[in-house]
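> Okay, here's the prediction I keep looking at, along with the sequence it came from:
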Amino acid sequence: MFETIQGEGAYTGTPSIFIRLQGCPVGCPWCDTQQTWYVEEKDKISAKDMLAKQGDSPTWSTLTVAEIMLVIEQQGYHAKHVVITGGEPCMYDLTELTTVLQTAGYQCQIETSGTFEIKTHTDTWVTLSPKVNMKGKYPILDTCLARANEIKHPVATEQHIIELEALLARGDFTKLIYLQPISQKSRATEFAIKTCIEKNWRLSIQTHKYLNIS
Ligand SMILES: C[S@@+](CC[C@H](N)C(=O)[O-])C[C@H]1O[C@@H](n2cnc3c(N)ncnc32)[C@H](O)[C@@H]1O
Ligand SMILES: Nc1nc2[nH]cc(C(=O)O)c2c(=O)[nH]1
Ligand code: SF4
Ligand SMILES: [Mg+2]
């Protein structure tokens with residue numbers, strides 16, 4: 001858990017409390033949070049050590065919803081927006097956490113690949129970033145697409161656009177569509193800019209990486 005500025009998508013620029021959940025079976029080769037993939041017992045640490053972590057490592061800790069609320073209070077976080085990401089946050093049932101947060105006046109957002117059923121409070125903002133050609137399974141892709149408030153698609157090549165268009169053709173969606181260049185590569189960024197202009201989609205650059213903040 002840490003406090004920073006949301007760097008991506010529709011809420012870019014919003015002060016946010018981040019909760020990064022451990023574990024993801026999808027295996028995107030360009031994933032920028034590969035330290036979250038495995039939940040290994042040997043990497044379990046205390047909540048205190050988890051909060052003191054500087055930089056990325058595969059260590060993780062367990063917290064109840066009540067403990068998460070206490071951490072928010074004790075850390076003196078100011079943000080009223082909470083981003084639950086990972087790893088793949090929807091490996092977990094987020095209904096209780098998002099309901100308690102929403103009731104306490106926080107706006108919740110999740111970042112998900114759509115490989116698991118989305119279990120959240122109905123007011124939670126869902127940022128969907130589908131990875132259809134990875135090893136994750138998509139048993140409920142249409143439900144996830146219908147639930148999403150924005151689609152944020154990582155791109156580097158024409159193939160990524162073909163995949164996105166196939167997804168959008170599955171329904172009559174009026175959603176915010178963002179292209180996010182993979183890993184700040186200049187070719188990917190130029191390609192994303194050109195495609196956004198052609199298709200009238202939006203550009204999401206990972207602003208936190210340009211600012212060198214978490
Ligand atoms: C690290 S993922 C965690 C949440 C969830 N597993 C997902 O993929 O949506 C958060 C966001 O970062 C994006 N992302 C991951 N690695 C990236 C990279 N190297 N360049 C650009 N976006 C990346 C994902 O597509 C997703 O939108
Ligand atoms: N500042 C900041 N914004 C983000 N938006 C989505 C992130 C993620 O890793 O899911 C992320 C992140 O890691 N940092
Ligand atoms: S689904 Fe998300 S966390 Fe999992 S490997 Fe892909 S980008 Fe990384
Ligand atoms: Mg990130």
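Arrived safely. Numbers count the residues shown, from 1 in each chain. Ligands and ions are numbered 1, 2, ... in the order given.

> ok, and the helix or strand in this structure with the lowest average confidence?
Using mean pLDDT, DSSP states H and E, helix 141-147 stands out as the lowest-scoring helix or strand of the chain, at a mean of 92.

> and it, C-alpha only, in CSV?
What follows is helix 141-147 as a C-alpha-only set of coordinates in CSV (Å, rounded to 0.1, in the frame of the first residue of the first chain):
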residue,chain,number,x,y,z
LEU,A,141,-15.0,-11.8,-21.0
ASP,A,142,-18.4,-10.4,-22.2
THR,A,143,-19.5,-9.8,-18.6
CYS,A,144,-16.2,-8.0,-17.9
LEU,A,145,-16.5,-5.9,-21.0
ALA,A,146,-20.1,-4.9,-20.0
ARG,A,147,-19.0,-4.0,-16.5
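
> now for the longest helix along the chain, which elements pack on it?
For the chain, the helix reaching the highest residue count under DSSP state H is reported as helix 186-199. Secondary-structure packing of helix 186-199 (3 or more C-beta pairs under 8 Å, 6 or more residues apart in numbering; DSSP states H and E): strand 150-155, strand 176-181, strand 202-203. Glycine gets a C-beta too; all of them are placed from N, C-alpha and C.

> Can you redo those as CSV, where the extra columns are distance to ligand 3 and mean neighbour count?
Below are these laid out as CSV (distance: least, C-beta to the nearest ligand atom, whole Å; neighbours: other C-beta atoms under 10 Å):
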stretch, distance to ligand 3, mean neighbour count
strand 150-155, 7, 22
strand 176-181, 11, 21
strand 202-203, 19, 16
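
> all strands for the chain, in order.
With DSSP state E as the criterion, the chain has strands at 2-5, 15-21, 81-86, 107-112, 125-128, 150-155, 176-181, 202-203.

> Redo the helices and strands packed on helix 186-199 as a markdown table? Include distance to ligand 2.
As requested, those are arranged in a markdown table below (distance: least, C-beta to the nearest ligand atom, whole Å):
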| stretch | distance to ligand 2 |
| --- | --- |
| strand 150-155 | 9 |
| strand 176-181 | 9 |
| strand 202-203 | 15 |
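
> Reformat those as TSV; add mean pLDDT.
As requested, these are exported to TSV (pLDDT from 0 to 100):
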stretch	mean pLDDT
strand 150-155	97
strand 176-181	98
strand 202-203	98
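
> Save these as a markdown table, and put in distance to residue 138 too.
Putting the helices and strands packed on helix 186-199 into a markdown table (distance: least, C-beta to C-beta, whole Å) gives the following:
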| stretch | distance to residue 138 |
| --- | --- |
| strand 150-155 | 14 |
| strand 176-181 | 18 |
| strand 202-203 | 24 |
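
> how about those, which one is nearest residue 188?
strand 176-181 (3.9 Å; C-beta to C-beta).

> Run through the neighbouring helices and strands of the closest one.
The contact analysis (3+ C-beta pairs under 8 Å, 6+ apart) places strand 176-181 against strand 150-155, helix 158-168, helix 186-199, strand 202-203.

> Would you point to the one among the ones you listed that's packed deepest?
Compared across those, strand 150-155 shows the largest average neighbour count, a mean of 22 (mean count of other C-beta atoms under 10 Å).
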